[in-house]
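Engineer: Compute the structure for the input listed below.
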Amino acid sequence: MLRVNHAILHVCDFESCVNVFSEEELDLSDRKVKSYVGKTCRKALSSVENRRGEFEPDSSFEGEVRDYFANQVDFVSLSRQCAQFIAEELGHMESPESCDVLVADFEDDAPKVSTDTREEDQEAAYEAQGKRYFVVALLNSRPAFMHEVGGGELGTRVDIARHHAILPNPSQKVASFALISADDMAVWFVDKEREIAGEKRWIIPDGLLQCSMEASSREVLQAVTTVVEEVAEEFGANTAVALSRAKAYVAENAEESDEVDARELGREVFADQPRVAERFEAAVEKGALPERVVVEKAVAKRVTKSHKIRTDTGIELTFPAEYGENSDFIEFFSTPDGRIEIALKNIGAIENR
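Structural biologist: Here you go, the predicted model:
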């Protein structure tokens, strides 16, 4: 399980114009608190919206985090520094967004081993720690109605009150956050452009982290599927088959590397159509796609797990992406009049959903 080492919550409240920077960490012995923090960290770690970045050479924040991981900077003081910067930046907006700033130090799941692994390796794995991360998350406050119990002239009275500082539900995605790996100082983040002091700015990458900004894995996969589909359509190839092959290739490649060779992907997807493969490679050379794209393993598995199609007759079909090139389970045929037929094979049972 994900393990939270430290966590703290700071308040940036622009409704009451009072910011509160905590001097003590959250009590992680409280199961509800620990669960909320853990789920938030997991959401940040597994977000398909994560953008990669690299610290700029003159990033002061990189030095602060390095010192923290080396036990040379106190967790609470670094967290307060982050929250104060965010509060100051948001305070310069015309309509500031109230939020709570959650800062945490956590470890991901330790690697699992199979039962047939050597005994000494199993023992080492059980003692091993997961990858360690430092996360700064902006939890946007939301208004909500709630009951309020008080005393009236005749006794107890229950009123309806509006509260402006409700934390997001832990099942919701985290709208803005920064995530730094202790292993190699790799950076991931999710953020949005805001207008601060009359200028468009990204608080997380430009201000807090001072890092570069690359496309997210989801954006990369969308670009890949767009080019695959356009090239397939240009030559009259079956786009459903092409896209399912592309997803299957990305998923399989993710087991070995988070880098995808765009040219190799094209050769695999259009292996039986050399002219189409050449057209795809030409598109890569013209810059339609980078020669090498980065797709996080967790994102690749989630996004490429299945492929969904919808026919012009209103039929929707979802199938595992790897079945797209396996005629034992699904096969596409082109009829003489230019229409498409789909055969589903080796079905043992059908369940109504």
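Engineer: what about N346, how many neighbours?
Structural biologist: Counted with other CB atoms under 10 Å, residues neighbouring N346 total 8. Any C-beta I mention is one placed from the backbone N, CA and C, and that applies to glycine too.
Engineer: residue ranges for the strands of the stretch 51-200 of the chain, please.
Structural biologist: Secondary structure of the stretch 51-200 of the chain (DSSP state E, counting those that start in this stretch): strands at 51-53, 99-107, 132-140, 142-152, 155-166, 176-181, 187-190, 193-196, 199-202.
Engineer: Please name the residues that touch the closest residue to F55 other than its chain neighbours.
Structural biologist: The spatial neighbour of F55 that comes closest, neighbours along the chain excluded (CB to CB, 6 or more residues apart in numbering), is E62 at 4.0 Å. Neighbour list for E62: F55, M185, L209, Q210 [criterion: CB atoms under 8 Å, 6 or more residues apart in numbering].
Engineer: need the contact list for L2.
Structural biologist: If you count contacts by CB under 8 Å, 6+ apart, then L2 has G38, C41, R42, L45, F106, E107, D108, D109, G130 around it.
Engineer: Now list the buried members of those residues.
Structural biologist: Among these, those buried by neighbour count (16 or more other CB atoms under 10 Å) are G38, C41, R42, L45, F106, E107, D108.
Engineer: Could you look up the SS state of the fourth one?
Structural biologist: The reference is to L45. helix (DSSP: H, G, I helix; E, B strand; the rest coil).
Engineer: I'd like to know how far it sits from A349.
Structural biologist: 37 Å (CB to CB, to the nearest Å).
Engineer: cool, the fifth one as well?
Structural biologist: In this structure, F106 and A349 are 43 Å apart, going by CB to CB.
Engineer: right, and R142 touches I166 too?
Structural biologist: Yes. Counting by CB atoms under 8 Å, R142 touches I166, with 5.2 Å between them.
Engineer: quick one on the thing from earlier: nearest to G155, out of the contacts of E62: which one, please.
Structural biologist: Closest to G155 out of those is L209 (55.3 Å), distances taken as CB to CB.
Engineer: Next up, the contacts around that closest one.
Structural biologist: G53, F55, S59, F61, E62, A178, I180, V187, F189.
Engineer: try 6 Å this time
Structural biologist: Residues in contact with L209 (CB atoms under 6 Å, 6 or more residues apart in numbering) are F61, A178.
Engineer: So for it, what pLDDT did the model give?
Structural biologist: At L209, the predicted lDDT confidence score is 96.
Engineer: now the helices for this structure?
Structural biologist: 31-46, 60-69, 75-91, 119-127, 217-234, 239-253, 262-269, 274-285, 297-303 (DSSP state H).
Engineer: winner for burial among these?
Structural biologist: Comparing the helices of the chain by mean neighbour count (mean count of other CB atoms under 10 Å), helix 239-253 ranks first with a mean of 22.
Engineer: Contacts only, for the closest residue to E291 other than its chain neighbours.
Structural biologist: Computed as CB to CB, 6+ apart, the closest residue to E291 that is not its neighbour in sequence is A262, at 5.6 Å. A262 sits next to V284, L289, E291 when contact means CB under 6 Å, 6+ apart.
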